[in-house]
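Participant: Predicted model and sequence follow; I will ask about them next.
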Amino acid sequence: MKHALSLRRIAPFAAVLAVAGAVPVLMAPATVAHASVDDDDHIAAREALRRGEILPLTRILDIALRAVPGDVIDVELDRHRGQWRYEVKVLTSTGRVREIKMDARTGVVQEIEDD
């Protein structure tokens, strides 16, 4: 079963994580270009966060931007081979879009590729 969380409307997902105590401050609108979440996706994400299966989005974005500086334009949270994984797309200062695949539990960068 694949759960995907694509950031096209940040408010519902960030609100869920904030209520869960995971996001002390909401991200600035300029940081994420767009965000979205389906009802089932935010419930699954909240439960995974509560169980310690995933890191909060703020930590993931910090790790991603240290690996690839720029502007986050898309984030997905999904299950890959039974494990939660974040995929963060970053627009670099040179106009290149890079995709960072990360272990959602540990934040370990697994792959960085051009998108």
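Facilitator: Happy to help now that I have it.

Participant: isn't residue 53 right up against residue 105?
Facilitator: Yes: here residue 53 reaches residue 105: they are 5.8 Å apart, a contact under CB atoms under 8 Å. Heads up, the C-betas are built off the backbone N, CA and C, glycines and all.

Participant: In the helix or strand encompassing residue 76, which residues are buried?
Facilitator: Using DSSP states H and E, residue 76 sits in strand 71-80. Across strand 71-80, burial judged by 16 or more other CB atoms under 10 Å covers 72, 73, 74, 75, 76, 77, 78.

Participant: Give me the next element, helix or strand, following the helix or strand bottoming out on mean pLDDT in the chain.
Facilitator: Lowest on mean pLDDT, DSSP states H and E among the helices and strands of the chain sits helix 10-19, with a mean of 41. Per DSSP H and E, the first helix or strand lying C-terminal to helix 10-19 is helix 39-50.

Participant: for the next helix or strand after that next one, packing partners?
Facilitator: Remark: after helix 39-50, the chain's next helix or strand is helix 57-67, criterion DSSP H and E. In this structure, helix 57-67 makes packing contacts with helix 10-19, strand 71-80, strand 83-91, strand 97-103, strand 109-114, judged by 3 or more CB pairs under 8 Å, 6 or more residues apart in numbering; DSSP states H and E.

Participant: want to throw those into JSON lines with distance to residue 65?
Facilitator: What follows is those, written out as JSON lines (distance: least, CB to CB, whole Å):
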{"stretch": "helix 10-19", "distance to residue 65": "16"}
{"stretch": "strand 71-80", "distance to residue 65": "7"}
{"stretch": "strand 83-91", "distance to residue 65": "7"}
{"stretch": "strand 97-103", "distance to residue 65": "9"}
{"stretch": "strand 109-114", "distance to residue 65": "11"}
